[in-house]
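Engineer: just a sequence and a predicted model for now, questions to come.
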Amino acid sequence: MVIGRDDELARLRAMLGRRVGNRSALLLHGGYGSGKSALLRVLRAEELAAGRAVVSATAEPLESSVEFAVVRQLFDDVHETEHGTPPVPRPFADPGTTAEAAEEALYAAVASAATRRPVLVAVDDLQHADAPSLRWLGYLIRRADDLPLTVLVTLGPGEVAHEDELAALLRLLPRQQDLLPLDEDTVHRLVLGALGERADRAVSAACRTATAGNPLLLQALLRTLATTPARPGEESWEEAVTGTVHEIRPAVRALLGDLGAEVEATATALAVLGGAQSAELVAQTAGLSAPAAQDTVHRLTRVGLVVGTDTGLVRTACPLLEAAEAACVAPSRRRELHGRAADLLREWAAPCEQIAAHLLRCDPGRPWADAVLRDAAALAAERGDPARAAAYLRGTRSGTRSASSPPARHAV
């Protein structure tokens, strides 16, 4: 099922329908949960149903160093798709076959299929592909000018296994479909379809804010809301969000685990601290050096889990994803991270309310904490936020100061 991608699907169908005796190549690019793989599956099934030949493969991270791993999948698909036709040679069955001979044999197999009917060559998750397969795909695109052949590849989140080979192939793919976050109208239409009369613009806006228009996250949230009569601001809404967090947490945890220990440490520190934070604070809270943190933030941005702000800060891509990442962290570890952040911010003479936000979430015992919390309470009361002031005062050891009578200021 493709969630909220009707327009993109229509454009891709039109591109496939326009091929008449000439090769075409298209890149489908999307981040985590954008729906790129689902779109590829739909197009593959439609091409098969229309009687066209389809050869497909999915690049796997564990096979990125296995030569011709993607090509082998395609070769097997050629045999399955073209049964009943003259046999295609299997170059990989012979250990003595050279890479050049293998490339030529597979090209001949695809070209042979294209003489009988249009062919779709589909490869998902190109970022994980092995180097020889990337070079062969470029060879196929350059050579197959006069064949009724379409090469449709997707590029998604994850570490790129072979930068140079991928860059060379992407230069041969000028036609690109970017899968952007779902817009307000599309989200509202999907919410209406899932929730019926309960759905209004406020509910749709809250769903889009929680998921940042991510189709996968929106689908998970709507499944939960379909069984819960919840509205934004109500306790039942928070329960629905919590239920969705539990549903997506395993997938988020697996994705972070695949990215490596330092990337996982950065992502979880950012999610636990919450909101927009400086990269330096995230780095030191996570126990990483500044260069290592820059690299990990860059990688997290590339996979769509982190976004930058106009003020140079970084934050998790959306609240639902932030909650899911934070839920992967043990409570004691969360308190430890908040404690580190409070210590660092005090050392940097940050505004007292920034420090206080972390003091409320870490273990007690810092001798200077009460002064900072009272300072923060004073500022909150002065701007007319007694609830916030009371929360800060409850975090002090006495917890008895009145939020309506601001305490004396203390230098931080």
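Structural biologist: Done, it's in.
Engineer: show me the strands in the protein, by range?
Structural biologist: 24-29, 53-58, 119-124, 149-155, 175-178, 306-308, 314-316 (DSSP state E).
Engineer: and the longest one, what's its mean pLDDT?
Structural biologist: This points to strand 149-155. Average pLDDT, strand 149-155: 93.
Engineer: and stretch 359-375, by the same measure?
Structural biologist: 94.
Engineer: likewise stretch 309-323?
Structural biologist: 91.
Engineer: centre of the chain versus it, how much separation?
Structural biologist: Averaged C-alpha coordinates place stretch 309-323 at 12 Å from its chain's average position (Cα atoms, centre = their mean, to the nearest Å).
Engineer: start and end of it, how far apart?
Structural biologist: Using Cα to Cα, to the nearest Å, the end-to-end distance of stretch 309-323 comes out at 19 Å.
Engineer: what does it contact?
Structural biologist: 209-212, 214, 217, 221, 241-242, 244-245, 248, 252, 267, 270-271, 274-279, 282, 297, 301, 304-308, 325 (Cβ atoms under 8 Å, 6 or more residues apart in numbering). For glycine as for every other residue, the C-beta is placed from the backbone atoms N, C-alpha and C.
Engineer: for that stretch, buried residues please.
Structural biologist: Residues of stretch 309-323 classed as buried by neighbour count (16 or more other Cβ atoms under 10 Å): Val314, Arg315, Thr316, Ala317, Cys318, Pro319, Leu320, Leu321, Glu322, Ala323.
Engineer: quick revisit: with distance to Arg394 added, can I get the strands of the chain in CSV?
Structural biologist: As requested, those are exported to CSV (distance: least, Cβ to Cβ, whole Å):
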stretch, distance to Arg394
strand 24-29, 48
strand 53-58, 53
strand 119-124, 52
strand 149-155, 49
strand 175-178, 47
strand 306-308, 32
strand 314-316, 27
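Engineer: picking up where we left off before, which one of the buried residues of stretch 309-323 sits closest to Ala202?
Structural biologist: Closest approach to Ala202 among the buried residues of stretch 309-323 (Cβ to Cβ): Pro319, at 16.1 Å.
Engineer: state the distance from the residue lying closest to Asp258 once chain neighbours are set aside to His128.
Structural biologist: Spatial nearest neighbour of Asp258, excluding adjacent residues (Cβ to Cβ, 6 or more residues apart in numbering): Pro61 at 6.4 Å. From Pro61 over to His128 the distance is 5 Å, taken as Cβ to Cβ, to the nearest Å.
Engineer: more neighbours: the two, which one.
Structural biologist: Set side by side, Pro61 and His128 show more neighbours around His128, with 23 against 13, by other Cβ atoms under 10 Å.
Engineer: please name the nearest non-neighbouring residue to the more buried one.
Structural biologist: Spatial nearest neighbour of His128, excluding adjacent residues (Cβ to Cβ, 6+ apart): Ala59 at 3.9 Å.
Engineer: look up phi and psi at the one you found.
Structural biologist: Backbone geometry at Ala59, expressed as degrees, to the nearest 10, gives phi -80, psi 130.
Engineer: so who does it touch?
Structural biologist: Ala69, Val70, Val123, Asp124, Asp125, Leu126, Gln127, His128, Ala129, Asp130, Ser133.
Engineer: go with 6 Å
Structural biologist: Ala59 is in contact with Val70, Asp125, His128, Ala129, counting by Cβ atoms under 6 Å, 6 or more residues apart in numbering.
Engineer: around Gly196, how many other residues sit close by?
Structural biologist: Counted with other Cβ under 10 Å, Gly196 comes out at 9.
Engineer: quick one, what contacts Arg23?
Structural biologist: Contacts of Arg23 by Cβ under 6 Å, 6+ apart are Ala144, Asp145, Leu147, Leu149.
Engineer: looking at it, the third one is touching Ala114, isn't it?
Structural biologist: Yes. Judged on Cβ atoms under 6 Å, Leu147 makes contact with Ala114 at a distance of 4.4 Å.
Engineer: any idea how far the residue nearest to His128 lies from Gly156?
Structural biologist: 10 Å.
Engineer: overlap in contacts of these two?
Structural biologist: Common neighbours of Ala59 and Gly156 (Cβ under 6 Å, 6+ apart) are Asp125.
Engineer: start and end of stretch 300-320, how far apart?
Structural biologist: OK, stretch 300-320 end separation, Cα to Cα: 16 Å.
Engineer: so how far is that stretch from its chain's centroid?
Structural biologist: Distance, stretch centre to chain centre, for stretch 300-320: 10 Å (Cα atoms, centre = their mean).
Engineer: so which of the contacts of Ala59 is the closest to Leu28?
Structural biologist: Among the contacts of Ala59, and counting by Cβ to Cβ, the member closest to Leu28 is Asp125, at 10.8 Å.
Engineer: show me what contacts that closest one?
Structural biologist: Contacts of Asp125 by Cβ under 6 Å, 6+ apart are Thr58, Ala59, Gly156.
Engineer: nearest to Arg175 among the residues you listed?
Structural biologist: For the contacts of Asp125, the nearest to Arg175 is Gly156 (17.4 Å; Cβ to Cβ).
Engineer: could I get the contacting residues of that closest one?
Structural biologist: Counting by Cβ under 6 Å, 6+ apart, Gly156 has contacts Gly30, Lys36, Asp125.
Engineer: so for stretch 48-67, mean pLDDT?
Structural biologist: The model assigns stretch 48-67 a mean pLDDT of 90.
Engineer: what about that stretch, how long is it end to end?
Structural biologist: 28 Å.
Engineer: kindly report the same for stretch 210-217.
Structural biologist: Start-to-end, stretch 210-217 (Cα to Cα) is 9 Å.
Engineer: contacts for it?
Structural biologist: So stretch 210-217 is in contact with Ile3, Gly4, Gly33, Gly35, Pro181, Leu182, Leu218, Leu221, Ala317, Cys318, Pro319, Leu320, going by Cβ under 6 Å, 6+ apart.
Engineer: for those, which two are the farthest from each other?
Structural biologist: Gly35 and Pro319 (20.2 Å).
Engineer: rewinding a little: buried ones among the contacts of stretch 309-323?
Structural biologist: Counted by 16+ other Cβ under 10 Å, the contacts of stretch 309-323 give 210-212, 214, 217, 221, 241, 244-245, 248, 252, 267, 270-271, 274, 276-279, 282, 297, 304-306, 325 as buried.
Engineer: gap between Phe68 and Phe75?
Structural biologist: 8 Å.
Engineer: again but with Arg13, I slipped
Structural biologist: Relative to Phe75, and taking Cβ to Cβ, Arg13 is found at 27 Å.
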